[in-house]
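Peer 1: Return atomic coordinates for the entry below.
(chains A and B)
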Amino acid sequence: MRSSENGIESSKEISQSEENVINFLDSMDTYLILVDSLSSALRQGWFELASARQSMGASRVNSSLFDLKSHHASTTFQVDEHEDIELPHFTLCKWASSDDPEKYSEEAKFEEDELLRNKSDSPRPQQRGATSHCSEYQERSAEIGGSPVKVDNQAEKERFKSLSMFGALVSPKLRATQSSFEKALEIVVEISNVRSSLLRSYDQVHEELKNTK
Amino acid sequence: MYGFEAMTFNIHGGYLEAIVRGHRSGLLTAADYNNLCQCETLDDIKMHLSATEYGPYLQNEPSPLYTTTIVEKCTLKLVDEYNHMLTQATEPLSTFLEYIRYGHMIDNVVLIVTGTLHERDVQELLEKCHPLGMFDSIASLAVAQNMRELYRLVLVDTPLAPYFSECISSEDLDDMNIEIMRNTLYKAYLEDFYRFCQKLGGATAEIMSDLLAFEADRRAVNITINSIGTELTRDDRRKLYSNFGLLYPYGHEELAVCEDIDQVRGAMEKYPPYQSIFSKLTYGESQILDKAFYEEEVKRLCLAFEQQFHYAVFFAYMRLREQEIRNLMWISECVAQNQKSRVHDSVVFIF
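Peer 2: Below is the predicted model:
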C-alpha cells in the first residue's frame, strides 16, 4: 500500500517536472518567435520611413523636426507587481489623451486590473502575436460600456497629433511607418512578459534538477 | 513671335543652352543604376559614383559614409551648376532661373518655422535647409510668433513677399496653420511662375505650361490623399488647389469631396493623361502612386529637350537632377538597410 502511494507521488513529481520543462520550452519558443517578429516589424518600419522620406522630401521628414517641448507621453509602460500574482506583468497604455492623461490612464488601469484577474484564472494564450496592452482593454471595456467608436476616435486623434510634428498633411507612407513602430512596441511588451515567464520556468526546472541531484 | 526664336535666342541664351544640354548628357544611365543597385555597402556606391560627375564631390568623404552625406554632396553639385548658370544669365532667363529656387525657399521657411515651434536650435535647422532655398535673413524667421510678424520682419524683403497676401493673419503659428501656409505659398508661387512663362511666350510658354500644369495637378492629388481623415475641411482643401491645370476647375470640385483613395481614382480616371497612372494601382492602394507620377514627370521633362531655343530645358534639367538625387538617396537607403530586393520600388530611370 505504502509502496503504491510512494509510486503515485513519484509519478506525480515526474509529471510535474515534465510539465515545467514543457512550459520552459514553450516559453522559449514563444520568445524566439516574438524576437523574430520584432526584428521584422522594426525592419519594415525603417523601410517605410525611408519610403516616406522619398515621398515627402528630406526637409519634411528628418530628426530636426522632433518636438522638444515638454508634453505628456501619449503612450506609457506600466509594471504591475501584485502580491497575488507571482510574475511582474508589463502593460502598454497606448494613445492616452494628452489633454487629460491621468484620467484616461486611470480608467484604463482599472479595467486592466479587472481583466488581469480574469486572465490569471485562465490558461495563458500561446498564440503568436498575443499582446497585452491597454488599448485592447479599453476597447473591451468600451464594448461593455457601449462606445467603441469613441475609443477609436481618441486613438486616431492622438496618432494624428503625434505625426503632426512632420506637418498636418502627411503621406500615407508615414502613417504606415507609425503603425509598424506601434506594432513593434507592442511586441516589445509581449517579449517582456514572455521573458518573465521564461525566467520563472527556468528557475523551476533548475530547482528541480538541483533537488534530484 | 512663336517660331522665330531661332533668329535671336542664341544671342543671349545660346551659351547657357549649350551648357545645360552638356550637363544633361552627364545624367546617370540605366547601366549606372544597375551597377549601383548591386552595391553591397555605401562605400561601393561611392566607388561607382567616383566614375561619374559626382566623383570630385564624394572623393574626400571619409568612411563610414552615410546616406545623408551622399545626398548632401550630390546636391552641392547641382547647386554649383545652378549658380554658374545664374551668374551667366541675362534677363529674362535670370528671372526664370530665380523662379526655380522659390519652391526650395518656401520649404526652408516652413522648416525653420516648424522647427522653431518645436523649440529646436536654429543652427541645427539651418544645416537641414536646402542650399538652393537660402536667403540672407532666413535665420531671423525664428523670431516670428505669427504670420503677420513672419511677413513684416523677414519675408517682406524676399521674393516670397507677393505670395503672402493670401495668408497674412495674426493667428499663432501651429502645425495646421503652418501646413496651410506652406500650401498657400506654393499655390501662389506656381500661379505666378505660370503667368511669367505665359508672358515670355513662344516655346517656353507652351512647354512650361504643360510642365507646371502637371505639377499643379500632382499637388492637388497629393493634398487630397494626405488630407483624408484629417481635420482639414473640404473648403480649406479646395482653397489649396492651384487655379490652373488640367484638373481646374471641375476635377478640383470632385477631388475636394473625396474621402478615400478609390474616390480619388474615380475622379482622376476621367482625364486620359492620368488614366494610365491610376490604372497601375490596385484598388485601395496608393503606395506606388508617387513612383507613377515621377515616371510621368520624367517622361515630360525629357521631351522638353527635343525642342530648341526655349528656357524650359533649364527647368527640366534641374528637375531631372533632383530626381536623380532622389534615386541615389533611395538606392543608398536600400543598401544601408539591406533591402536590395526593394530597390526598384522607387527608382525612376531617366534614360
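
Peer 1: backbone phi and psi for the spatially closest residue to B:Pro273 that is not a sequence neighbour, please?
Peer 2: Counting by Cβ to Cβ, 6 or more residues apart in numbering or on different chains, B:Leu246 is the residue found nearest to B:Pro273 once chain neighbours are left out, at 6.7 Å. C-beta coordinates here come from the backbone N, C-alpha and C atoms, glycine included. As for B:Leu246, its main-chain torsions (degrees, to the nearest 10) stand at phi -70, psi -30.

Peer 1: now swap in B:Asn146 and tell me
Peer 2: B:Asn146 adopts backbone torsions of phi -140, psi 180, taken as degrees, to the nearest 10.

Peer 1: does chain B sit close to the helix or strand where A:Glu208 lies?
Peer 2: Element membership of A:Glu208 [criterion: DSSP states H and E] is helix A:172-212. Yes: shown here: helix A:172-212 in contact with chain B (Cβ under 8 Å from any Cβ of the partner chain) through A:Pro172, A:Lys173.

Peer 1: quick one: average pLDDT of that helix?
Peer 2: Mean per-residue pLDDT for helix A:172-212: 91.

Peer 1: and chain A, which residues reach chain B?
Peer 2: Going by Cβ under 8 Å from any Cβ, the residues of chain A near chain B are A:43, A:46-47, A:50-51, A:53-55, A:57-60, A:62, A:64-69, A:156, A:160, A:164-165, A:167-173.

Peer 1: from memory the residue nearest to B:Pro273 sits against B:Tyr271, does it?
Peer 2: Yes: if you go by Cβ atoms under 8 Å, B:Leu246 and B:Tyr271 touch, sitting 5.7 Å apart.

Peer 1: Can you flag which of the residues of chain A next to chain B belong to helices?
Peer 2: Within the residues of chain A next to chain B, residues falling in helices by DSSP state H are A:Arg43, A:Trp46, A:Phe47, A:Ala50, A:Ser51, A:Arg53, A:Gln54, A:Ser55, A:Glu156, A:Phe160, A:Pro172, A:Lys173.

Peer 1: Correct me if wrong: the fourth one contacts B:Gln337.
Peer 2: So the one you mean is A:Ala50. Yes: at 6.9 Å, A:Ala50 counts as touching B:Gln337 under the criterion of Cβ under 8 Å.

Peer 1: So those two - more neighbours on which side?
Peer 2: Neighbour count, other Cβ atoms under 10 Å in any protein chain shown: between A:Ala50 and B:Gln337, A:Ala50 has more, with 24 against 15.

Peer 1: Name the helix or strand for the nearest residue to that one once chain neighbours are set aside, please.
Peer 2: Among residues not flanking A:Ala50 along the chain, B:Glu333 sits closest, at 4.0 Å (Cβ to Cβ, 6+ apart). In the assignment (DSSP H and E), B:Glu333 maps to helix B:312-336.

Peer 1: Also B:Pro64?
Peer 2: Using DSSP H and E, B:Pro64 maps to neither a helix nor a strand.

Peer 1: In contact with it, which residues?
Peer 2: Going by Cβ atoms under 8 Å, 6 or more residues apart in numbering or on different chains, B:Pro64 touches B:Leu42, B:Asp43.

Peer 1: I'd like the ones in helices among the residues of chain A next to chain B laid out as CSV, including distance to B:Gln198.
Peer 2: Below are those laid out as CSV (distance: Cβ to Cβ, whole Å):
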residue, distance to B:Gln198
A:Arg43, 49
A:Trp46, 45
A:Phe47, 43
A:Ala50, 39
A:Ser51, 37
A:Arg53, 35
A:Gln54, 33
A:Ser55, 31
A:Glu156, 44
A:Phe160, 40
A:Pro172, 35
A:Lys173, 35
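
Peer 1: Any chance of a ChimeraX selection covering the buried ones in those?
Peer 2: Remark: buried members of those, expressed as a ChimeraX selection using 16 or more other Cβ atoms under 10 Å in any protein chain shown:
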select /A:46,47,50,51,53,54,55,160,172,173
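
Peer 1: And the ones in helices among the residues of chain A next to chain B, which is closest to B:Met147?
Peer 2: Nearest to B:Met147 out of those is A:Phe160 (Cβ to Cβ; 22.7 Å).

Peer 1: Leaving out chain neighbours, which residue sits closest to that closest one?
Peer 2: The shortest distance from A:Phe160 to any non-neighbouring residue, by Cβ to Cβ, 6+ apart, is to B:Thr230 (6.5 Å).
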